[in-house]
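In: Provide a 3D model corresponding to the input given below.
(one chain, ligands or ions: 2)
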Amino acid sequence: MSSPLIEVVDVHKVYKTGDVEVQALCGVSLAVEPGEFVAIMGASGSGKSTLMNVLGCLDRPTAGRYVLAGREVSHMSKEELAEVRNQVLGFVFQNFNLLTRTSALENVELPLIYRGVRSKDRVRRATAALERVGLAGRFEHTPSQLSGGQQQRVAIARALVGDPKVILADEPTGNLDSKTSRDVMALFQELGQTGMTVVLVTHEADVAEYASRVVVVRDGLIRSDKKQVQRSASEIDLEARSGGML
Ligand code: ADP
Ligand code: MG
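Out: Ligands and ions are numbered 1, 2, ... in the order given. Sure thing, here's the model as predicted:
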């Protein structure tokens with residue numbers, strides 16, 4: 001077996017607000033191998049976003065270890081974390097987080113600007129990323145000129161453009177209707193088939209069906225962790241369109 005891309009060991013996260021302490025993660029251990037498509041499931045308040053923030057190097061655990069792509073990140077400074085985020089991770093959010101009044105192409109170029117990639121290369125790579133998510137012909141559109149599903153595709157292109165090792169997505173279909181959700185999940189599944197590692201948070205069981213592994217979080221702990229046969233996007237789509245009559 002190859003070495004894990006993500007390895008968290010006995011991670012705890014405590015939030016302090018005034019005198020109140022919330023134990024958001026109470027000893028989570030999880031290893032993700034390259035190429036896995038993991039869905040993290042759980043009810044609201046179970047600790048999913050906290051775990052994603054730790055995995056995404058947006059927040060440091062209170063205790064425990066985190067090794068990402070062979071690097072121990074638990075004790076890194078803010079600057080080092082930002083660098084790791086930029087090099088290793090791509091993010092997709094529920095509300096897309098695109099710049100308004102900015103074209104799809106420029107939105108996708110953004111991570112490359114932070115990296116100091118020159119304009120010509122940025123345009124070439126952003127163009128390729130937008131084509132990869134099926135948005136050729138929408139380069140000059142601003143977010144308000146795109147549907148929700150198209151906006152999320154732009155966000156996925158932006159996550160891909162820096163050639164990350166892992167895509168992290170927190171409720172990426174949370175603001176999409178069910179048909180669009182299926183299209184976006186099919187895209188994640190396609191990325192998984194090309195070898196991309198995807199870790200996705202959802203509270204919807206049908207969204208988790210696209211993944212090859214489902215991790216259930218409850219009260220800051222992993223309650224179950226199972227590999228599954230990935231259901232194909234076309235199968236799920238067919239079933240949904242027939243109203244579950246198949
Ligand atoms: P989920 O994403 O599964 O809904 P969260 O990870 O957001 O859950 O939250 C887990 C727990 O931690 C909840 O009880 C929540 O209220 C608490 N929490 C999350 N973020 C913070 C924060 N920044 N400050 C204080 N408490 C927080
Ligand atoms: Mg959440």
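
In: Kindly export the lowest-mean-pLDDT helix or strand in the chain (C-alpha atoms) in PDB.
Out: Taking mean pLDDT, DSSP states H and E as the measure, the chain has helix 233-241 as its least confident helix or strand, at a mean of 81. Below are the C-alpha coordinates for helix 233-241, written out as PDB (Å, rounded to 0.1, in the frame of the first residue of the first chain):
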ATOM      1  CA  ALA A 233     -23.300   8.800 -11.800                       C
ATOM      2  CA  SER A 234     -25.400   7.500 -14.700                       C
ATOM      3  CA  GLU A 235     -27.000   4.900 -12.500                       C
ATOM      4  CA  ILE A 236     -27.900   7.400  -9.800                       C
ATOM      5  CA  ASP A 237     -29.200   9.800 -12.400                       C
ATOM      6  CA  LEU A 238     -31.400   7.200 -14.100                       C
ATOM      7  CA  GLU A 239     -32.800   6.200 -10.800                       C
ATOM      8  CA  ALA A 240     -33.600   9.800  -9.800                       C
ATOM      9  CA  ARG A 241     -35.200  10.600 -13.100                       C
END
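
In: Determine the set of other helices and strands touching that helix.
Out: Using 3 or more Cβ pairs under 8 Å, 6 or more residues apart in numbering; DSSP states H and E as the contact criterion, the elements in contact with helix 233-241 are helix 178-193. (Each C-beta comes from the backbone N, C-alpha and C, glycine too.)

In: Around ligand 2, pick out the residues from this structure.
Out: Within reach of ligand 2 by Cβ under 5 Å from the ion, the chain has these residues: 48-49.

In: what's the distance between residue 202 and residue 171?
Out: For residue 202, the distance to residue 171 (Cβ to Cβ, to the nearest Å) stands at 6 Å.

In: Flag the shaky bits of this structure, pLDDT-wise.
Out: Regions of the chain meeting the criterion pLDDT under 70 cover residues 1, 244-246.

In: Tell me where it has strands.
Out: When assigned using DSSP state E, the strands of the chain occupy the ranges 6-17, 20-32, 37-41, 63-68, 71-72, 89-92, 166-170, 197-202, 213-218, 221-227.

In: Please convert these to JSON lines, extending it with distance to ligand 1.
Out: Output for the strands of the chain, formatted as JSON lines (distance: least, Cβ to the nearest ligand atom, whole Å):
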{"stretch": "strand 6-17", "distance to ligand 1": "3"}
{"stretch": "strand 20-32", "distance to ligand 1": "3"}
{"stretch": "strand 37-41", "distance to ligand 1": "9"}
{"stretch": "strand 63-68", "distance to ligand 1": "15"}
{"stretch": "strand 71-72", "distance to ligand 1": "23"}
{"stretch": "strand 89-92", "distance to ligand 1": "15"}
{"stretch": "strand 166-170", "distance to ligand 1": "8"}
{"stretch": "strand 197-202", "distance to ligand 1": "7"}
{"stretch": "strand 213-218", "distance to ligand 1": "7"}
{"stretch": "strand 221-227", "distance to ligand 1": "12"}
